[in-house]
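sequence plus the predicted model coming up.
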Amino acid sequence: MNTHDKIYVAGHRGLVGSAIVRRLKAGGYDNIIVVGHAELDLTRQSEVEAFFEQEEPDYVFLAAARVGGIGANSHYPAEFFYENMAIALNVINASWKNGVKKLLNLGSSCIYPKMAPQPLKEEYLLTGPLEPTNEGYAVAKIAAIKMCSYYNNEFDTNYISLMPTNLYGTGDNYDLFTSHVLPAMIRKIHEAKKNARPVVLWGDGTPLREFLHADDLADAAVILMERYNYKDIGEFINIGSGQELSIRQLAELIADVEGFRRGIQWDTSKPNGTPRKLLDSSRLFDLGWKPQIGLWEGIERSYREFLSLNAENRG
């Protein structure tokens, strides 16, 4: 990419998209296109095609998605499937029709089978059943990977797909129903501290998870867009930290950051999700990239941001 090329970041207000915009600006890119949902509904083909015909972007970061935690995915599988599938179909096809030089598609580690061997290697895709609680979302993300691959093979495009691990960071969603595990814990533990009571968390705390700050993901995404083609990285590439901890350990870490001492209780009537989910990011690490933001530092940053959102949270 040249710093003056026209770059469209789809989903620029989200956790990943906003981090990519910050990273591009820090890298000197000065022709970034962003447009909100009110002006462009990515699930509507006619709107997407008209936008691409008018703007003619050179490069596209596809970071737009409907996302959520176990609760939201379990309650709305049809919506999660439809919206993510429609976004991928429309943006990828419009990119091809309008001569986009390169597209980067952001996926999720939930694409892997629930009981796949650990750590998760790229070749484990489609080797077993998915985790039922987020199957609709996962199927849409798998289809987007395959769509990029099919277009590369048939039309000689240069579309790459990145599968990040669990993300958190600046611009995160702290809604208790739609957020992911780490930001939800930050809020739950804070509210328990504020009300001087124990905190109740879902499951039994045993599942193992890996976390990556969104700014580290954005750095990897821009570097891969600048330097590597789909033939260099394969059908898709994992983006992780290479470190895992249990949900119980995560809760204890967040409690330490927040200074919470009231105790943690586990509601075992609620689902755990996938027992373990650690990505094998060796392909990426072999290219010379490593994350820079440690989990303690990242949680401290997130907690400060959470407190700054509303003055009432500071009590």
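All right, it came through fine. Residues are numbered from 1 along each chain as shown.

correct me, but Q243 touches I293?
No. With contact taken as CB atoms under 8 Å, Q243 and I293 are classed as non-touching, separated by 11.9 Å. Any C-beta I mention is one placed from the backbone N, CA and C, and that applies to glycine too.

who has more neighbours out of those two?
Comparing Q243 with I293 by other CB atoms under 10 Å, the one with more neighbours is I293, at 16 against 13.

quick check: phi and psi at the more buried one.
The phi/psi pair for I293 (degrees, to the nearest 10) reads phi -110, psi 110.

so where is the chain shaky, pLDDT-wise?
Filtered on pLDDT under 70, the chain yields the residue ranges 310-315.

show me it divided up by domain.
7-170+210-239, 181-206+244-277+294-314 (automatic domain parsing).

quick one, which of these is nearest to G288?
The minimum distance between G288 and the domains of the chain falls on domain 7-170+210-239, with 8.8 Å, by CB to CB.

pick the most deeply packed of the domains of the chain.
Per residue and on average, the most neighbours among the domains of the chain fall to domain 7-170+210-239, with a mean of 19 (mean count of other CB atoms under 10 Å).

starting at the chain centroid, how far to it?
The chain centre lies 8 Å from the centre of domain 7-170+210-239; the measure is CA atoms, centre = their mean, to the nearest Å.

got it, and stretch 186-197?
Stretch 186-197 sits 26 Å away from the centroid of its parent chain (CA atoms, centre = their mean).

going along the chain, name the helices of this structure.
With DSSP state H, the ranges of helices along the chain come out as 15-26, 45-55, 70-75, 77-97, 135-155, 181-194, 214-227, 230-233, 247-258, 282-286, 295-309.

make CSV out of those and add distance to A64.
Putting the helices of the chain into CSV (distance: least, CB to CB, whole Å) gives the following:
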stretch, distance to A64
helix 15-26, 7
helix 45-55, 10
helix 70-75, 17
helix 77-97, 5
helix 135-155, 11
helix 181-194, 19
helix 214-227, 14
helix 230-233, 20
helix 247-258, 27
helix 282-286, 23
helix 295-309, 22
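
spatially nearest residue to P57, not counting backbone neighbours?
Once flanking residues are discounted, P57 sits nearest to Y8: 3.9 Å by CB to CB, 6 or more residues apart in numbering.

ugh, wrong one, N173
Nearest non-adjacent residue to N173, counting by CB to CB, 6+ apart: S179, 4.5 Å away.

how far away is the one you found from S246?
19 Å (CB to CB, to the nearest Å).

what do you get for M185?
M185 is 13 Å from S246, where distance means CB to CB.

cool, A63 as well?
Plainly put, A63 is 29 Å away from S246 if you go by CB to CB.

and V16, by the same measure?
As judged by CB to CB, V16 and S246 stand 25 Å apart.

same check on I20?
30 Å.

surely G27 meets V222?
Yes. Counting by CB under 8 Å, G27 does reach V222; the two are 6.2 Å apart.

contacting residues for the residue nearest to P57?
By CB atoms under 8 Å, 6 or more residues apart in numbering, the contact list for Y8 reads 32-34, 55, 57, 59-61.

need those residues in a markdown table with distance to L42, can you?
Converted to a markdown table, those look like this (distance: CB to CB, whole Å):
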| residue | distance to L42 |
| --- | --- |
| I32 | 17 |
| I33 | 13 |
| V34 | 13 |
| E55 | 13 |
| P57 | 14 |
| Y59 | 17 |
| V60 | 11 |
| F61 | 13 |
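
filter those residues down to just the ones in strands.
Among these, the residues falling in strands (DSSP state E) are 32-33, 59-61.

tell me which two of those residues sit farthest apart.
When CB to CB is used, the two most widely separated members of these are I32 and V60, lying 11.4 Å apart.

what residues do these two have in common as contacts?
Counting by CB under 8 Å, 6+ apart, the residues touching both I32 and V60 are 7-8.
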